[in-house]
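Novice: let me see the structure of the following:
(one chain, ligands or ions: 1)
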Amino acid sequence: MKFDFSKAYDLKELEKYYNKGEENLKKVLNKDSEGSDFLGWVELPKAYPEEELKKIKHAAEEIRKKSDYLVVIGIGGSYLGTKAVENSLKDYFEDDEEFKLIYAGNHLSSTYLNELVKFLKDKEYCINVISKSGTTTEPAIAFRILKRELEEKYGKDAKNRIYVTTDREKGALKKLSIQEGYETFVVPDDIGGRFSVISPVGLLPLAAKGVDIDKLLEGFRKGQELFTIVDAKENKAIQYALIRHLLYGQGKDIEILVNYEPSLTYISAWWKQLFGESEGKDGKAIFPASVDFTTDLHSMGQLIQEGKRNIFETVIEVKNPKEDIEIPFDEQNLDGLNYIAGKTLDYVNKKATEGTRTAHVKGEVPNISIVIDKIDEENLAMLLYFFEISVSISGYLLEVNPFNQPGVEEYKKQMFKLLGKPGVN
Ligand code: PA5
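Specialist: Here you go, the predicted structure:
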């Protein structure tokens, strides 16, 4: 991974804050500050239990043998990491995709669930229901409905098609799993939802999809090596956290995550949860937004270039695209494109990236550049780990607890009141 922070902040000036960044990384590594009992993910890459990995791979194989679809039921951190990695890796057009993940329980759309029920009627499928608490309403409803369908279709064999990822001991899902004999996987106590992609939460469905989870873990391990160094000069995660914080101090309270490769859209969705839920509390936050370029240059470009000057952008760039294509010469040249004939589309995409950066910096939008070599398991995992460490440092810089999400409960309370849930008033 390569980083360029020079168009976001004066790098000499940044050095003055290195100490502060290092102090806050130490809080993460020493686990001695607020929220420290949710830091199990930090050292997990290098210590991932071999036994669990074997169990995940075995279950994934079984799922693929038994079915063509795995319905991943979960919301927030219980599905976004999986979807982000899956979407980034898969081909845009796959006529003969041999095994598919389908997501459910991440909203309350009755149309979606009805259509899914109908779609699954004549399909071979398994379910992986993922909920750390085991009580989240959206996945609980989806699971109740899809479990009934599965039982109607497969009878007694249905229980061999249900895989549960939940708390080690607590919660309704755990209880049900023991009662029904479902195969279960544990979301470790010390790993919160949005940091849980490196656990059975992400690894089981991704392995079922055919993602190489050994390479994914290798990427997480490299991330651990690179981004836990307590030397801000060497550690780009510290620098990124510091720059965000300093820009926030200058009134830049919206950060836009940008990509120039649409398969990365769900990396942004995952990132928005990670940063939004970790930092947005106590009346503070950098609002995490996202755009796909160049698509959104034709919808949001105007605002970014000339709207309120409270925005900075972080651009994920891919050095080597999976595929490239040459722009052909045309005798007539009616579209006037012959000046780039013979160049590749990725060459044009890279020039668009460069040109947009120049335009935005000129328009007072500080620009942070993160370049990954290519989109593969290793690079994606490194990127995810980079953001996880950064948000931890950044949350501590903001003096909030980056590992809780008390505000999420309020909508639930209001909804439960309206639904007449016993015990809620
Ligand atoms: O980051 C978090 O903790 C949350 O976003 C959760 O992942 C989300 O609310 C789902 O929770 P659960 O896995 O308990 O169903």
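Novice: confirm Ile127 sits in a helix?
Specialist: No: Ile127 sits outside any helix when classified using DSSP: H, G, I helix; E, B strand; the rest coil, being strand.
Novice: what residues are up against it?
Specialist: Residues near Ile127 by C-beta atoms under 8 Å, 6 or more residues apart in numbering: 70-71, 73, 143, 146-147, 150, 161-163. All C-beta atoms are positioned from the backbone trio N, CA, C, and that covers glycine.
Novice: one more: Phe329?
Specialist: Counting by C-beta under 8 Å, 6+ apart, Phe329 touches 338, 341-342.
Novice: and for Ile130?
Specialist: Contacts of Ile130 (C-beta under 8 Å, 6+ apart): 72-74, 78-79, 139, 164-166, 187, 201, 205.
Novice: out of the contacts of Phe329, which end up buried?
Specialist: For the contacts of Phe329, a burial check counting by 16 or more other C-beta atoms under 10 Å picks out nothing.
Novice: roughly how far does the most centrally placed residue in the chain sit from Ala359?
Specialist: Taking C-alpha atoms, centre = their mean as the criterion, Trp270 is the residue nearest the geometric centre of the chain, at 2.8 Å. The gap separating Trp270 from Ala359 is 28 Å, by C-beta to C-beta, to the nearest Å.
Novice: could you do His245 as well?
Specialist: 26 Å.
Novice: higher neighbour count, these two?
Specialist: With neighbours defined as other C-beta atoms under 10 Å, His245 and Ala359 compare such that His245 has more, 21 against 15.
Novice: just the pLDDT for that one.
Specialist: Per-residue pLDDT puts His245 at 98.
Novice: pull out the buried positions in the top helix by length along the chain.
Specialist: In the chain, assigned by DSSP state H, the helix with the most residues is helix 377-397. By neighbour count with 16+ other C-beta under 10 Å, helix 377-397 contains the buried residues 377-397.
Novice: mind listing what the closest residue to the ligand within the stretch 201-350 of the chain touches?
Specialist: Nearest residue of the stretch 201-350 of the chain to the ligand (C-beta to the nearest ligand atom) works out as Glu277 at 5.5 Å. Applying C-beta under 8 Å, 6+ apart to Glu277 gives the contacts 76, 194, 405, 408.
Novice: can you check Glu378 too?
Specialist: By C-beta under 8 Å, 6+ apart, Glu378 lies in contact with 215-216, 218-219, 222.
Novice: can you tell me which of these is nearest Pro422?
Specialist: Leu216 (42.2 Å; C-beta to C-beta).
Novice: quick check: pLDDT value at the closest one.
Specialist: Note for Leu216: predicted pLDDT of 98.
Novice: contacting residues for it?
Specialist: Applying C-beta under 8 Å, 6+ apart to Leu216 gives the contacts 85, 198, 203, 206, 377-378, 380-381.
Novice: what residues sit buried inside stretch 57-67?
Specialist: Neighbour-count burial for stretch 57-67, counted by 16+ other C-beta under 10 Å, picks out 57, 59-60, 62-64, 67.
Novice: could you redo those residues as JSON lines and give each row secondary structure and pLDDT?
Specialist: Below are the buried residues of stretch 57-67 laid out as JSON lines (DSSP: H, G, I helix; E, B strand; the rest coil; pLDDT from 0 to 100):
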{"residue": "Lys57", "secondary structure": "helix", "pLDDT": "98"}
{"residue": "Ala59", "secondary structure": "helix", "pLDDT": "98"}
{"residue": "Ala60", "secondary structure": "helix", "pLDDT": "98"}
{"residue": "Glu62", "secondary structure": "helix", "pLDDT": "98"}
{"residue": "Ile63", "secondary structure": "helix", "pLDDT": "98"}
{"residue": "Arg64", "secondary structure": "helix", "pLDDT": "97"}
{"residue": "Ser67", "secondary structure": "coil", "pLDDT": "97"}
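Novice: near the ligand, which of the residues you listed show up?
Specialist: Among these, none lies close to the ligand by the criterion of C-beta under 6 Å from any ligand atom.
Novice: turn the residues you listed into JSON lines, including distance to Ile327.
Specialist: Output for those, formatted as JSON lines (distance: C-beta to C-beta, whole Å):
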{"residue": "Lys57", "distance to Ile327": "43"}
{"residue": "Ala59", "distance to Ile327": "46"}
{"residue": "Ala60", "distance to Ile327": "41"}
{"residue": "Glu62", "distance to Ile327": "47"}
{"residue": "Ile63", "distance to Ile327": "43"}
{"residue": "Arg64", "distance to Ile327": "40"}
{"residue": "Ser67", "distance to Ile327": "42"}
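Novice: can you tell me which of those lies nearest to the ligand?
Specialist: Distance to the ligand, by C-beta to the nearest ligand atom, is smallest for Ala59 among the buried residues of stretch 57-67, at 18.8 Å.
Novice: what sits against the closest one?
Specialist: By C-beta under 8 Å, 6+ apart, the contact list for Ala59 reads 163, 183, 185, 204, 207-208.
Novice: next: Lys46.
Specialist: By C-beta under 8 Å, 6+ apart, the residues touching Lys46 are 221, 224.
Novice: distance check, it against Lys123.
Specialist: For Lys46 relative to Lys123 (C-beta to C-beta), the value is 39 Å.
Novice: how far does stretch 376-391 sit from its chain's centre?
Specialist: 9 Å (C-alpha atoms, centre = their mean, to the nearest Å).
Novice: ignore what I typed, I meant stretch 206-224.
Specialist: Offset of stretch 206-224 from its chain centre (C-alpha atoms, centre = their mean): 14 Å.
Novice: for that stretch, which positions count as buried?
Specialist: Using 16+ other C-beta under 10 Å as the test for burial, stretch 206-224 gives 206-211, 213, 216-224.
Novice: repeat for stretch 298-311
Specialist: Of all the residues in stretch 298-311, those buried under the rule 16+ other C-beta under 10 Å are 300-301, 304-305, 310-311.
Novice: no more questions from me, cheers.
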